[in-house]
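Peer 1: sequence first, predicted model second:
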Amino acid sequence: MAAPAARTDRLPPYSEEAERGVLGSALLDAGRVVDLAVERGLRPESFYVPAHQALFELFLDMGHQGRPVDLLTVGDRLRDQGRLEEIGGSTFLDQLVDATPTPAHAEYYIDIVRQKHLLRLIIDRAREAIDTTYGAEESADSILGKVEQSFFEIGETQRGQVLPWPTLVKEAVEEIEKIYALKKGLTGISTGYTDLDRILLGLHPTDMIILAARPSMGKTSLALNIVENIGLGEGPDHVARPVAVFSLEMSKEQLVRRMICSHAKVPAHKLSSGMLFAEQHGHLINAASVLNKANILLDDTAGLEVLELRSRARRMKRRFDIQMVVVDYLQMLNFPQFANEGRQRETAAISGALKAMAKELKIPVLVLSQLSRAPETRSATAVPKLSDLRDSGSLEQDADVVLLLRRPCKYPEDPDHADELLAIVEVAKHRNGPTGSVHLNFFQDYTRFESRAAGVDQEGGPGPGGGEGAS
């Protein structure tokens with residue numbers, strides 16, 4: 001049976017009466033109505049009738065110039081520009097005012113105009129999606145990601161209302177009371193590492209956290225340990241939370257095997273070689289049983305585009321209510337729209353997209369990143385700095401938190417070279433709190449980080465155990 005033909009006899013959704021109501025209200029009380037319309041996201045293109053578009057654009061222009069907007073000033077301005085007859089003459093302006101007895105209902109008219117414009121945008125995006133699908137030269141998955149992104153962009157243009165100041169203060173007080181009652185000071189999701197939580201107060205919604213290191217320092221291991229802690233509910237509240245992991249380098253089979261070996265404290269090379277003792281085999285089975293209860297979603301799609309990643313994360317949020325996203329690692333993401341503008345520009349766009357994803361989904365996003373070779377050329381101890389973030393200064397700008405991981409045992413000139421377990425996580429940037437150094441133990445044989453007794457030193461004074469200061 002043939003598919004029904006698309007109808008072409010339907011007019012796009014719009015309300016001429018509501019559009020006239022907004023314009024008439026603006027002519028009667030421009031100071032309130034135009035500001036209200038702008039706050040609700042109305043633009044000239046929000047109006048369907050061309051004359052209405054031109055008139056609203058004129059209102060905005062006159063407002064920006066500090067000129068009064070009323071029946072006389074608007075008529076004079078249109079007459080000076082030679083556009084009065086274009087919109088229907090003085091009679092048209094008089095009719096707008098006559099048809100609007102009071103501007104008191106302007107908010108109602110504005111909402112109708114906004115809703116109709118939103119429907120037209122949805123129709124336009126749907127048509128574009130159909131055209132793209134029929135002329136497709138890309139994979140269906142790639143097209144789906146772009147279509148989802150185009151619809152999401154509609155939502156990004158819709159501005160929310162500004163909450164009253166007393167409401168914001170009330171919400172802040174509720175958060176203060178919650179912290180005071182719990183006596184823990186942890187306002188975000190616990191990483192499972194007490195000393196790191198002491199500085200960060202947990203991983204917070206909308207935050208983008210960069211974990212950066214030179215190769216072979218263990219950044220993937222640390223990220224997976226944090227994922228395990230969150231997925232199993234190892235924090236103070238013992239609540240297991242769903243976590244999504246996008247691994248662009250390792251396969252899901254490798255990641256799961258690594259996590260099981262790490263949890264069981266069995267060296268991965270023992271498993272690979274088949275040289276397992278009965279006791280180690282038992283530990284692995286027990287670890288698998290524990291991790292089976294974790295709330296972790298793995299996506300190991302190679303060569304992922306950042307918009308497709310964002311689309312997949314959005315679906316995971318909708319379906320599984322994920323509370324955190326981990327991306328391993330940033331330099332393997334692509335953004336084809338900016339690929340021809342150089343890697344720095346592409347990385348900046350990727351960074352911006354990941355930060356926007358954190359804000360959209362209202363969850364923390366932990367992004368792994370490589371450091372440049374600068375630390376090794378600068379000094380024998382190779383202590384990294386924020387400026388060593390690879391490819392783009394936008395990473396430092398967009399990130400709310402930057403963690404720099406290093407292991408002194410890798411550098412013979414480092415004063416702590418002899419301590420093979422020591423791993424230092426430098427909180428080099430913390431937008432909403434202090435910076436400092438966190439000392440962890442790293443057991444390389446089974447890629448596991450554990451808390452260390454003398455663990456933390458926040459900027460401004462020594463912490464428990466007198467750890468190393470922030471640099």
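Peer 2: Yep, it's here.
Peer 1: quick one: residue 243 and residue 296 touch, right?
Peer 2: Yes - with contact defined as CB atoms under 8 Å, residue 243 and residue 296 form a contacting pair (5.4 Å). Placement of C-beta: from N, CA and C, glycine included.
Peer 1: which one's more surrounded, these two?
Peer 2: Neighbours were counted for residue 243 and for residue 296 using other CB atoms under 10 Å; residue 243 has more, 27 against 22.
Peer 1: against residue 167, how distant is that one?
Peer 2: Distance of residue 243 to residue 167, computed by CB to CB, to the nearest Å: 32 Å.
Peer 1: what does residue 80 give?
Peer 2: Residue 80 is 44 Å from residue 167, where distance means CB to CB.
Peer 1: gap between the helix or strand where residue 144 lies and the chain center?
Peer 2: Assigned by DSSP states H and E, residue 144 falls within helix 140-157. When distances are taken as CA atoms, centre = their mean, to the nearest Å, helix 140-157 is centred 15 Å away from the chain's centroid.
Peer 1: for stretch 91-99, same thing?
Peer 2: How far stretch 91-99 lies from its chain's middle: 47 Å, per CA atoms, centre = their mean.
Peer 1: ok, now stretch 62-82?
Peer 2: With CA atoms, centre = their mean, you get 42 Å for stretch 62-82.
Peer 1: tell me what the helix or strand harbouring residue 288 is packed against?
Peer 2: Using DSSP H and E, residue 288 falls within helix 278-291. Secondary-structure packing of helix 278-291 (3 or more CB pairs under 8 Å, 6 or more residues apart in numbering; DSSP states H and E): helix 219-232, helix 252-264.
Peer 1: so what touches that helix?
Peer 2: Residues from elsewhere that reach helix 278-291 (CB atoms under 8 Å, 6 or more residues apart in numbering): 228, 232, 256, 259-261, 263-266, 270-271, 276.
Peer 1: would you tell me what the next helix or strand after that helix is?
Peer 2: Scanning forward in sequence from helix 278-291 by DSSP H and E, the next helix or strand is strand 296-299.
Peer 1: helices or strands up against that following strand?
Peer 2: Counting contacts by 3+ CB pairs under 8 Å, 6+ apart, strand 296-299 is packed against helix 219-232, strand 243-247, helix 252-264, helix 306-320.
Peer 1: ok, it: who's next to it in the sheet?
Peer 2: Partners of strand 296-299 in the sheet, by DSSP bridges, are strand 243-247 (parallel).
Peer 1: using PDB, write out every CA atom in the partner strand.
Peer 2: The C-alpha trace of strand 243-247 is given here as PDB (Å, rounded to 0.1, in the frame of the first residue of the first chain):
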ATOM      1  CA  VAL A 243      26.800   6.400  35.600                       C
ATOM      2  CA  ALA A 244      27.400   6.500  31.800                       C
ATOM      3  CA  VAL A 245      31.000   5.900  30.500                       C
ATOM      4  CA  PHE A 246      31.900   6.700  26.900                       C
ATOM      5  CA  SER A 247      35.200   4.900  26.100                       C
END
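Peer 1: what comes up buried for it?
Peer 2: By 16 or more other CB atoms under 10 Å, the buried positions in strand 243-247 come out as 243-247.
Peer 1: now do the helices in the stretch 351-471 of the chain.
Peer 2: Counting by DSSP state H, counting those that start in this stretch, the stretch 351-471 of the chain has these helices, from start to end: 374-378, 394-398.
Peer 1: start and end of stretch 243-251, how far apart?
Peer 2: Stretch 243-251 has an end-to-end distance of 17 Å (CA to CA, to the nearest Å).
Peer 1: do the same with stretch 235-246
Peer 2: Stretch 235-246: ends 22 Å apart by CA to CA.
Peer 1: mean confidence (pLDDT) on that stretch, please.
Peer 2: Mean per-residue pLDDT for stretch 235-246: 87.
Peer 1: for it, the distance to its chain's centre please.
Peer 2: Centroid separation for stretch 235-246 versus its chain: 18 Å, with CA atoms, centre = their mean.
Peer 1: contacting residues around that stretch?
Peer 2: Under the criterion CB under 8 Å, 6+ apart, residues 184, 186, 189-192, 197, 202, 223-224, 227, 229-233, 255, 293-301, 304, 309, 312-313, 316, 320-328 lie in contact with stretch 235-246.
Peer 1: show me which of these are buried.
Peer 2: By neighbour count, with 16+ other CB under 10 Å, the contacts of stretch 235-246 hold 186, 189-192, 197, 202, 223-224, 227, 229-233, 255, 294-300, 304, 309, 312-313, 316, 322-328 as buried.
Peer 1: pass me the low-pLDDT residue ranges in the stretch 351-471 of the chain, would you?
Peer 2: 376, 390-393, 453-471 (pLDDT under 70).
Peer 1: which stretches in it count as strands?
Peer 2: 365-370, 401-406, 422-430, 436-443, 448-458 (DSSP state E, counting those that start in this stretch).
Peer 1: in its sheet, what does the fourth one sit against?
Peer 2: Here strand 436-443 is paired, per DSSP bridges, with strand 422-430 (antiparallel), strand 448-458 (antiparallel).
Peer 1: what angle separates that strand from strand 401-406?
Peer 2: Calculated by axes from the mean of the first three to the mean of the last three CA atoms, to 10 degrees, strand 436-443 forms an angle of 50 degrees with strand 401-406.
Peer 1: nearest the middle, which residue of this protein would you pick?
Peer 2: Geometric centre of the chain, nearest residue: residue 358, 2.1 Å, by CA atoms, centre = their mean.
Peer 1: of all the helices and strands packed on helix 278-291, which one comes closest to residue 140?
Peer 2: Counting by CB to CB, residue 140 lies closest to helix 252-264 out of the helices and strands packed on helix 278-291; the figure is 21.6 Å.
Peer 1: what residues sit buried inside that closest one?
Peer 2: 255-264.
Peer 1: let's have the residues you listed in CSV, adding distance to residue 91 and pLDDT.
Peer 2: CSV is the format used below for the buried residues of helix 252-264 (distance: CB to CB, whole Å; pLDDT from 0 to 100):
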residue, distance to residue 91, pLDDT
255, 71, 86
256, 74, 86
257, 78, 85
258, 76, 87
259, 75, 88
260, 79, 87
261, 82, 86
262, 79, 87
263, 79, 86
264, 84, 84
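Peer 1: no further questions, thank you.
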